[in-house]
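Colleague: build the 3D model from these lines:
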Amino acid sequence: MSPEAFGDFLSDEANDGLDASFDFVGASAWDVAVRYHDFRNKKSRTKNLKKLREISVAAVIARAQSVLGSIVHPVDERTGPLGSEPRGAGDLELEIEETLENTPWLLSKNEAVEPSDIWVSWKVPRTQSVVLAVDTSLSMTGEKLALTAVALAVVLLQFPEAPIGVVAFENTARVLKHPDERLTLTQLIEQFLDVPAQGYTHLEDGLKCTLRLANEVLQSGRRRMPSAVVLTDGKYTAGRDPAYLAPRFGHLEVLKMGNERASEALCREMARKGKGSVREVGELEDLPSTMYGVVKDLLRGKARG
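Modeller: Sure, this is the predicted structure:
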């Protein structure tokens, strides 16, 4: 929603009394995103929910873009005979050493040179498969939920073509996006913001669902299981201790929300058994940039144990 449309919405008489405790006229789009779950739960205000969702999603994506700045997608370099490069390959360059190594007779014989005798290099977008699991229980509403949505948007902006899976868990776990599913960023953030926050945190079910998605990628023909990133405060109020599931992952990164020491042991145990590491998010505002740091490390292969 454009700033002009946002202003029109806030001045619309139809919104009088939408929420007497919230100053819509003085609010920013981000303020609306932070309170979106409250608005969603007010059944008498549902006629405006679509507009409020549109405002919230736009605010989340704008904030994610500010975290990333200018997005530069990672690439891998490939070499091969001229003509073997895929359509759309960028930065095509002649590789003299590769050419002479594969066709040494070029220096000693006067023979016709075929295009396939010449070796070149090119660049292709690097694809990195990742499955994200995020806590959406009652303790993650408000600004926590909005900033978690920003963190997800950061990942999707950085990996626009990669097989990304997204799991949300509270009382139970649910798949928001399968790794091979095509969703726009707007569609995913809409789905995420509309997840009903429940009182319990079933971390075990969240890891089980994440593991199923990771195996989907492995069974699709890729040579290794994708990385998984779990966003949690390390506490669970339903199910069993989930640490027994961690060794089943190829690589498990844990983003720990908050500074509570009591939950640190479980987070570190899951990361250790999952051949990953723990990233602590002490300040809520740091969540999107911390997620971005994990994404960059995964792209560069630094986060793997």
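Colleague: how is this structure carved up into domains?
Modeller: 3-66, 75-125, 127-300 (automatic domain parsing).
Colleague: hey, which of those domains is tucked in deepest?
Modeller: domain 127-300 (a mean of 20; mean count of other C-beta atoms under 10 Å). Every C-beta, even on glycine, is put in place using the N, C-alpha and C of the backbone.
Colleague: any idea how far that domain is from the middle of the chain?
Modeller: 8 Å (C-alpha atoms, centre = their mean, to the nearest Å).
Colleague: where do the helices sit along the chain?
Modeller: 3-11, 29-40, 49-68, 96-102, 143-158, 185-193, 203-219, 264-273, 287-300 (DSSP state H).
Colleague: and of these, who's closest to Val175?
Modeller: The closest of those to Val175 is helix 203-219. By C-beta to C-beta, the value is 6.4 Å.
Colleague: show me what that closest one is packed up against.
Modeller: strand 130-135, strand 164-169, strand 173-177, strand 227-232 (3 or more C-beta pairs under 8 Å, 6 or more residues apart in numbering; DSSP states H and E).
Colleague: ok, which of the ones you listed comes nearest Glu101?
Modeller: Of all those, strand 227-232 comes closest under C-beta to C-beta, at 34.6 Å.
Colleague: partners of that closest one in the sheet?
Modeller: Neighbouring strands of strand 227-232 in its sheet, by DSSP bridges, are strand 130-135 (parallel), strand 252-257 (parallel).
Colleague: can you tell me which residue is spatially central in this protein?
Modeller: In the chain, the residue lying closest to the centroid (C-alpha atoms, centre = their mean) is Val155, at 3.3 Å.
Colleague: so where's the protein uncertain?
Modeller: Across the chain, residues meeting the criterion (pLDDT under 70) sit at 1-25, 42-47, 70-75, 88, 90, 104-111, 125-128, 221-223, 299-305.
Colleague: and Gly165, what does it touch?
Modeller: 130-132, 175, 177-179, 210, 213-214, 216-217, 226 (C-beta atoms under 8 Å, 6 or more residues apart in numbering).
Colleague: re the thing from before, could the helices and strands packed on helix 203-219 be laid out in JSON lines, adding distance to Val113?
Modeller: Formatted as JSON lines, these follow (distance: least, C-beta to C-beta, whole Å):
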{"stretch": "strand 130-135", "distance to Val113": "44"}
{"stretch": "strand 164-169", "distance to Val113": "44"}
{"stretch": "strand 173-177", "distance to Val113": "49"}
{"stretch": "strand 227-232", "distance to Val113": "44"}
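Colleague: which one of those strands lies closest to Cys267?
Modeller: Comparing those by C-beta to C-beta, strand 227-232 comes nearest, at 7.1 Å.
Colleague: now what about stretch 180-195, what contacts it?
Modeller: Identification of contacts with stretch 180-195 by C-beta under 8 Å, 6+ apart yields 33, 36-37, 40, 53, 56-57, 60-61, 134, 136, 145, 148-149, 152-153, 156-157, 163, 166, 168, 170, 174, 176-177, 216-217, 220.
Colleague: try 7 Å
Modeller: Stretch 180-195 is contacted from outside by 36, 40, 53, 56-57, 60-61, 136, 149, 152-153, 156-157, 163, 166, 168, 176-177, 220, using C-beta atoms under 7 Å, 6 or more residues apart in numbering.
Colleague: same deal with stretch 270-280?
Modeller: 242-243, 246-247, 249, 251-256, 267-268, 290, 294, 303, 305.
Colleague: against Arg272, how distant is Val195?
Modeller: Distance from Val195 to Arg272, counting by C-beta to C-beta, to the nearest Å: 29 Å.
Colleague: excluding its backbone neighbours, what's nearest Ile118?
Modeller: The shortest distance from Ile118 to any non-neighbouring residue, by C-beta to C-beta, 6 or more residues apart in numbering, is to Leu82 (4.5 Å).
Colleague: and the one you found, what does it touch?
Modeller: Contacts of Leu82 by C-beta under 7 Å, 6+ apart are Pro115, Ser116, Ile118, Val120.
Colleague: out of those residues, list just those in strands.
Modeller: Within the contacts of Leu82, residues falling in strands by DSSP state E are Val120.
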